[in-house]
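Chemist: Take this sequence and fold it.
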Amino acid sequence: MKKIKSLVIIIIPLVFLTSCSDFNEKGKPLFKNLTILYNQSLSKCKITQEVWSTAIYDKKYALTNSNKYQEYHVSDFNEAIARMEGEQEIKYLNDQIDLLRASVTSDVERITDKKNDSYEKLISLYSKVIELSKKATSPTGNLQSYAKDLNEEENQINMLITEIKARNPDFEIGVAPQYARINPQYPTTSP
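Modeler: Predicted structure coming up:
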C-alpha cells in the first residue's frame, strides 16, 4: 500500500508538470506567431483604411509620392483599393498574413493541455486575430463600419494579449516587420 501511495505521489505531480510544459511548449510559439499575425494584419488594415479614406475624401491614392495628377488621382475608392492590392509590398504582406494564418491554425490544434488557465484566453486571441487577418486580406463593408470594427477588434485583442502575458510572463510578443508607406506628401493642386 505504501508503494502505491508513493507512486501516486510521484505520478500526479509528474502528470501536472507534463501538462504545464505542453501548454508552455506549444502555447509560447503560438502566442508569438499570433502577435506577429496581429501586427501584420493590423498594419494591413490601417493601410487599407488610409487608402480608402484618402480615395473617398481627397480622390487621391495614398501610397504614392508622385506629384503628377495622373499618378495620384483616383476616381473612387474601388480603384484605390485595387491599385493598393496590386502593389508588390502589399502582395507580399498578404502572402505573409496567409502563411501565418495557416501556421497558427495548425499550431492551435496541437495544444493538448486544454485545462491550463490561459488556454481559453489563447483560443479567444486566436479567434480574434484570425478574424482580423481575414479583414486585412478581404476588406468589406463601408469605411465607417470598417474603421469602427477595426478599433473595437484592436482594443479587444490588446486586452487579450495583456491578460495572457500577465499570466505567462515568459511568453514573448512577436515583432512584425513594417511595410507601410503611409503619409506621403500630396500635391495640393489638380490639373
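
Chemist: how about the residue nearest to the spatial centre of the chain, what does it touch?
Modeler: Nearest to the geometric centre of the chain sits Y38, at 1.7 Å (CA atoms, centre = their mean). Residues in contact with Y38, defined by CB atoms under 8 Å, 6 or more residues apart in numbering, are V129, L132, I157, I161. No exception for glycine: its C-beta is placed from N, CA and C like everyone else's.

Chemist: F31 is in contact with the first one, correct?
Modeler: No - between V129 and F31 there is no contact, the gap being 10.4 Å when judged by CB atoms under 8 Å.

Chemist: Kindly confirm my reading that K114 is in a strand.
Modeler: No - counting by DSSP: H, G, I helix; E, B strand; the rest coil, one finds K114 to be coil, located in no strand.

Chemist: i'd like the first residue to be 29 from this point on
Modeler: From this message on, residue numbering opens at 29, which makes the last subject K142.

Chemist: Can you read off the pLDDT for it?
Modeler: On pLDDT, K142 comes in at 87.

Chemist: Pull the number of nearby residues for it.
Modeler: By other CB atoms under 10 Å, 11 other residues sit near K142.

Chemist: can you check E99 too?
Modeler: Using other CB under 10 Å, E99 has 12 neighbouring residues.

Chemist: R138 too?
Modeler: R138 - counted by other CB under 10 Å - has 12 other residues nearby.

Chemist: who's in contact with it?
Modeler: Per CB under 8 Å, 6+ apart, neighbours of R138: K54.

Chemist: ok so, going back, what's the farthest-apart pair in the contacts of Y66?
Modeler: Within these, L160 and I189 form the most distant pair, 12.3 Å apart (CB to CB).

Chemist: Counting neighbours, go ahead and name the busier of the two.
Modeler: Each of L160 and I189 has its neighbours counted (other CB under 10 Å); L160 has more, 23 against 20.
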